[in-house]
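Asker: Please find the sequence and the predicted model below.
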Amino acid sequence: MTATLIDGKAFAAEVRQKVATHVTRLRDENGITPGLAVVLVGEDAASQVYVRAKGKMTTEVGMNSFEHKLEADTSEGDLLALIAKLNADPSVNGILVQLPLPAHLNEDLVVNSIDPAKDVDGFHISNVGRLGTGQKSMVPCTPLGCLMMLREFHGSLSGLNAVVIGRSNIVGKPMASLLLGDSCTVTIAHSRTKDLPSVVRAADIVVAAVGRPEMVTGDWIKKGATVIDVGINRIPAPEKGEGKTRLVGDVDFASVKEVAGAITPVPGGVGPMTIACLLANTLTATCRANGLAEPEGLTA
Ligand SMILES: Nc1nc2c(c(=O)[nH]1)N[C@@H](CN(C=O)c1ccc(C(=O)N[C@@H](CCC(=O)O)C(=O)O)cc1)CN2
């Protein structure tokens, strides 16, 4: 059996198109243009790429993009002062601080200084608590993208066995809350889980977010299961030439696709959905701030 490919790149393009349609309507009917502020501290190469892509896609859907690039040695006080300014700015509906931050900055303190209503990453402790208790919240972009793809592929997720591998605050834990919210039976597995392959073998849905290149192999997967690969790992690729690299997920695509019913690729799976969902969240935050109906199908 060869699994159906869940094309995250194509799905993300559809989400961005839906967002763009709503943004046009907001402008024409309500005179509102959503604004997203992205803050980058330092010069991490991957972060620079992601922030550039976020700015480009924000303007492509018709929103205002505000980019703030700060020196790597920016003090916590200066960063918090910028966030306070963005919190108070009515033209800014969404605020995102690109992670990881340089080591001298306290990530929790910084994230929790963002107005929860503008926290389009869904990382503020208030949004984390709201999601965990089933209340309306801002939902972290990567797990929201995974949920959208799963809903699209399966329809109802009710009663399915889901195993999330990884317990990070950014992906694993919110992913588990979202799957529980859709009435899955959820297991969070991690590096200390005993006999991980047999835990994963019981799953109808596997979300791999562990950060270990190609760890999940075909013999771990139940026949016909849906496999969502959140991993983005750059590994050496000597076959492409000296010093070259390639991107792989946490899933060994070649062996898993022979057993799974459906699978997301890396690249072109979950990654593009992360930015599409950031735009969806910015739209949602704008609608909520203005007392307007939320866009359907773009939130959890
Ligand atoms: N504040 C945040 N910081 C970070 C987040 C986040 O959601 N909020 N997530 C990641 C990085 N990230 C977005 O910020 C991100 C990662 C990957 C992709 C993506 O499209 N990847 C491509 C491959 C790209 C490549 O060639 O390197 C893919 O998977 O197809 C988009 C966004 C950490 N920080």
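Answerer: Cool, the structure landed.
Asker: Isn't residue 214 up against residue 246?
Answerer: No: between residue 214 and residue 246 there is no contact under Cβ atoms under 8 Å: 11.2 Å. The way it works is simple: take the backbone N, C-alpha and C, and place the C-beta from them, glycine included.
Asker: Those two: who's more crowded?
Answerer: Shown here are residue 214 and residue 246; by other Cβ atoms under 10 Å, residue 214 has more neighbours (20 against 13).
Asker: do you know how far that one is from residue 121?
Answerer: Using Cβ to Cβ, to the nearest Å, residue 214 is found at 28 Å from residue 121.
Asker: Equivalent analysis for residue 81, please.
Answerer: The gap separating residue 81 from residue 121 is 20 Å, by Cβ to Cβ.
Asker: which residues does residue 293 contact?
Answerer: residue 287 (Cβ atoms under 8 Å, 6 or more residues apart in numbering).
Asker: tell me which residues in stretch 86-98 are buried?
Answerer: Under the neighbour-count criterion of 16 or more other Cβ atoms under 10 Å, stretch 86-98 has 86, 87, 92, 93, 94, 95, 96, 97, 98 buried.
Asker: For stretch 202-218, buried residues please.
Answerer: 203-210, 213-216, 218.
Asker: How about this protein: which residue is closest to the ligand?
Answerer: residue 271 (2.1 Å; Cβ to the nearest ligand atom).
Asker: contacting residues for the nearest residue to residue 235 once chain neighbours are set aside?
Answerer: Spatially, and ignoring its direct neighbours in sequence, residue 235 is nearest to residue 213 (5.3 Å; Cβ to Cβ, 6 or more residues apart in numbering). Under the criterion of Cβ under 8 Å, 6+ apart, the contact list for residue 213 reads 231, 233, 235, 248, 249, 250.
Asker: gap between the residue nearest the centre of the chain and residue 259?
Answerer: The chain has residue 142 as the residue nearest its centroid, 1.3 Å off, counting by Cα atoms, centre = their mean. Residue 142 sits 24 Å away from residue 259, taking Cβ to Cβ as the criterion.
Asker: For the residue nearest to residue 201 when sequence neighbours are not counted, give me the pLDDT.
Answerer: Using Cβ to Cβ, 6+ apart and skipping the chain neighbours, the partner closest in space to residue 201 is residue 222 (5.5 Å). Looking at residue 222, its pLDDT is 98.
Asker: what do you get for residue 186?
Answerer: So residue 186 comes in at 98 (pLDDT).
Asker: next helix or strand past the helix or strand containing it?
Answerer: Taking DSSP states H and E as the criterion, residue 186 maps to strand 185-189. Next in sequence after strand 185-189, counting helices and strands by DSSP H and E, comes helix 196-200.
Asker: helices or strands up against that next one?
Answerer: strand 161-165, strand 185-189 (3 or more Cβ pairs under 8 Å, 6 or more residues apart in numbering; DSSP states H and E).
Asker: pretty sure the residue nearest to residue 201 contacts residue 205?
Answerer: No: here residue 222 lies out of contact with residue 205, judged by Cβ under 8 Å, at a distance of 9.9 Å.
Asker: buried sites along the helix or strand residue 144 falls within?
Answerer: For residue 144, the host element (DSSP H and E) is helix 141-154. Residues of helix 141-154 classed as buried: 141, 142, 143, 144, 145, 146, 147, 148, 149, 150, 153, 154 (neighbour count, 16+ other Cβ under 10 Å).
Asker: For the protein, which segments count as strands?
Answerer: For the chain, the strands defined by DSSP state E cover 4-5, 35-41, 64-70, 94-97, 161-165, 185-189, 205-208, 226-229, 233-236, 245-248, 262-263.
Asker: Could you dump those strands into JSON lines and include distance to residue 24?
Answerer: Output for the strands of the chain, formatted as JSON lines (distance: least, Cβ to Cβ, whole Å):
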{"stretch": "strand 4-5", "distance to residue 24": "31"}
{"stretch": "strand 35-41", "distance to residue 24": "16"}
{"stretch": "strand 64-70", "distance to residue 24": "14"}
{"stretch": "strand 94-97", "distance to residue 24": "18"}
{"stretch": "strand 161-165", "distance to residue 24": "36"}
{"stretch": "strand 185-189", "distance to residue 24": "38"}
{"stretch": "strand 205-208", "distance to residue 24": "34"}
{"stretch": "strand 226-229", "distance to residue 24": "31"}
{"stretch": "strand 233-236", "distance to residue 24": "37"}
{"stretch": "strand 245-248", "distance to residue 24": "34"}
{"stretch": "strand 262-263", "distance to residue 24": "33"}
